[in-house]
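Just the structure for this:
(chains A and B)
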Amino acid sequence: MANLGPGKAAISKEQAGLRYPSNGKTIYHRPLHRSKTAELSQSSFAYLFSEMVSYAQRRVTGIQDLEKRLNLQGHPVGLKLLDLLLTREPARTQTRPLTIIALLHLIKINLWTHLFGRQADRLEKSSNPDTPDEYMIVDNEPLVNAYISVPREMSQLNCAAFVAGIVEGMCDGAMFPARVTAHTVGGKEEGEMWPGKTVFLVKFQPEVLEREALIGKG
Amino acid sequence: MSYYFAIVGTQDNPLFEYEFGTSKQGGDGQSRFTEQARHLNQFVLHSSLDIVEEVQWTSGQLYLKVIDKFFNNYISCFMTAGNVKLMLLHQPTAVAAGASTRNSTSVGVNPTSPQTEEAIKNFFTEVYENYVKAIMSPFYKVNMEIQSPVFRQRVAAAGRKYL
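Coordinates of the predicted model:
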């Protein structure tokens, strides 16, 4: 940081073809730790998100395909947020998640707080003994779905598939390969309370569980 | 002391390489690797990736310290959250190795002393911060080579500052 002066001169000589902003500020000059005032307006987000959904909706063959596209849009975001959120942790508690629980906590608390300004509502492990690899993150009213009304004929669609993609990216980046899908569960039993309640189903690959068992032993 | 620094992606693919020498104790910041050693360095550094994969699940720390040694080459590793490895190969010069009894605590002479560990940690931390900024670019995809000259400058500056 102290020796930007001579460095800049070197750049202009070597890389004449590259263009720099006139104030000389690149992404490397911006601080990583600016979390308090960096909130966006919800309406501008909703506008952008609706564009993303309609972009994904072009050329799709069905609802599953559409959800897959939304998932793919979120995946790189998750990969990047993993590193960003970890650097924003205080130095003492800065550790890579080694277990499924540590990773899901990072997602439930840090990721949700960063994206939506609050934690996810619940974290559950599948009670079915046949599927020990499934975990559920519950969000009572996902911010991304706030202004989205799904047509009746597409009732299976949940646009929070984008958020599922972010979660999947985070899992993949941390070496916990998983499939994450978003499901609407509101409107069944406690549906009147939270009609938009969404469950993010995280299904880890078998090798993750295998490793988890090994780490637990050692 | 000469250093060879590389960032290795999740598919064990190199993303960034940089070679430099110590700037402490009147060093000129130039590396003293021979032409043959330059090729060997890449090989040595990548061969220690196997050990990284073993060590990374035993501790959640980002900085894994010196994980491997090949004759006079020491390899330090820093794991990022996204499973990208920052690797530093450091090679004490022969002269310095002979004088290690006198000032064995100074950075750049004794590669396993706590002072050196701390210096390398600071170096890694600063590079990691810049790496995170690099991947924050919306045009950056995972495992892409980092070509930014600004990033290279930042790594060089961190090297001058701490090593």
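
all contacts plus neighbour counts: C-alpha atoms, from now on.
Will do.

how many other residues sit next to the nearest residue to B:Tyr140 once chain neighbours are set aside?
Nearest non-adjacent residue to B:Tyr140, counting by CA to CA, 6 or more residues apart in numbering or on different chains: B:Ala134, 7.4 Å away. Neighbourhood size, B:Ala134 [other CA atoms under 10 Å in any protein chain shown]: 20.

What parts of chain A come near chain B?
Within chain A, the positions adjacent to chain B are A:1, A:3, A:7, A:11, A:27-28, A:32, A:76, A:79-80, A:82-84, A:86-87, A:94-98, A:173-175, A:215 by CA under 8 Å from any CA of the partner chain.

tell me which element B:Ala157 falls in.
Applying DSSP states H and E as the criterion places B:Ala157 in helix B:149-162.

quick revisit: please check the residues of chain A next to chain B and keep the buried ones.
The neighbour count (16 or more other CA atoms under 10 Å in any protein chain shown) marks A:7, A:28, A:32, A:76, A:79-80, A:82-84, A:86-87, A:94-98, A:173-175 as buried among those.

Which of these fall within helices?
Within those, residues falling in helices by DSSP state H are A:7, A:76, A:79-80, A:82-84, A:86-87, A:173.

Can you tell me which of the residues you listed has the lowest confidence score?
The lowest pLDDT within these belongs to A:Gly7, with 43.

Next, the contact list for residue 82, please.
Unless you meant another one, I'm taking chain A. A:Leu82 makes contact with A:170, A:173-174, B:81-82, according to CA atoms under 8 Å, 6 or more residues apart in numbering or on different chains.

sorry, should have said chain B
If you count contacts by CA under 8 Å, 6+ apart, B:Gly82 has them with A:79-80, A:82-83, A:173-175, B:10.

Let me know the distance separating the closest residue to A:Lys203 other than its chain neighbours from chain B.
Leaving aside its sequence neighbours, A:Lys203 sits nearest to A:Glu134 (CA to CA, 6+ apart; 4.5 Å). To chain B, A:Glu134 is 22 Å away according to CA to the nearest CA, to the nearest Å.

mind checking how far A:Glu134 is from A:Phe204?
7 Å (CA to CA, to the nearest Å).

circling back to that earlier point, residues in contact with the residue nearest to B:Tyr140?
Taking CA under 8 Å, 6+ apart, we find B:Ala134 in contact with A:27-28, B:140, B:146, B:151.

Turn these into CSV, columns for pLDDT and distance to A:His105.
As requested, these are exported to CSV (pLDDT from 0 to 100; distance: CA to CA, whole Å):
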residue, pLDDT, distance to A:His105
A:Ile27, 86, 29
A:Tyr28, 88, 30
B:Tyr140, 91, 27
B:Ile146, 92, 31
B:Phe151, 93, 32
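
can I get those residues in a markdown table with distance to B:Leu163?
Below are the contacts of B:Ala134 laid out as a markdown table (distance: CA to CA, whole Å):
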| residue | distance to B:Leu163 |
| --- | --- |
| A:Ile27 | 25 |
| A:Tyr28 | 21 |
| B:Tyr140 | 29 |
| B:Ile146 | 22 |
| B:Phe151 | 18 |
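
And the average pLDDT for the helix ranked longest in chain B is what?
The longest helix of chain B (DSSP H) is helix B:114-136. For helix B:114-136, the mean pLDDT works out to 92.

got the angle between that helix and helix B:149-162?
With axes from the mean of the first three to the mean of the last three CA atoms, to 10 degrees defining the directions, helix B:114-136 sits at 170 degrees from helix B:149-162.

buried ones in helix B:114-136?
Within helix B:114-136, the residues scored as buried using 16+ other CA under 10 Å are B:115-117, B:119-136.

quick one: low-confidence ranges for the chain?
Reading this off chain A. A:1-18, A:35-38, A:187-192, A:218 (pLDDT under 70).

I was thinking of chain B, sorry if that wasn't clear
B:94-109.

please redo it, this time with the cut-off set to 80
Residues of chain B that meet the criterion pLDDT under 80 lie in B:25-27, B:93-112.

that older thread, which one of A:Glu134 and A:Phe204 is surrounded by more residues?
A:Phe204 (22 against 19).

and the closest residue to B:Asn83 other than its chain neighbours, how many neighbours does it have?
Distances taken as CA to CA, 6+ apart place B:Thr10 nearest to B:Asn83, at 5.9 Å, with adjacent residues excluded. Residues within reach of B:Thr10, counting by other CA under 10 Å, total 16.

residue farthest from the centroid of chain B?
B:Pro138 (26.4 Å; CA atoms, centre = their mean).

Just the terminal-to-terminal distance for stretch B:6-13.
Start to finish, the residues bounding stretch B:6-13 are 10 Å apart (CA to CA).

and what of stretch A:20-27?
11 Å.

Give me the contacts around it.
If you take CA under 8 Å, 6+ apart as the criterion, stretch A:20-27 is touched by B:133-134, B:137.

next one: it to chain centre, how far?
29 Å (CA atoms, centre = their mean, to the nearest Å).

and what of stretch B:26-33?
15 Å.

B:Arg32 - nearest residue in space that isn't next to it in sequence?
With sequence-adjacent residues excluded and distances taken as CA to CA, 6+ apart, B:Arg32 is closest to B:Ser2, at 5.8 Å.
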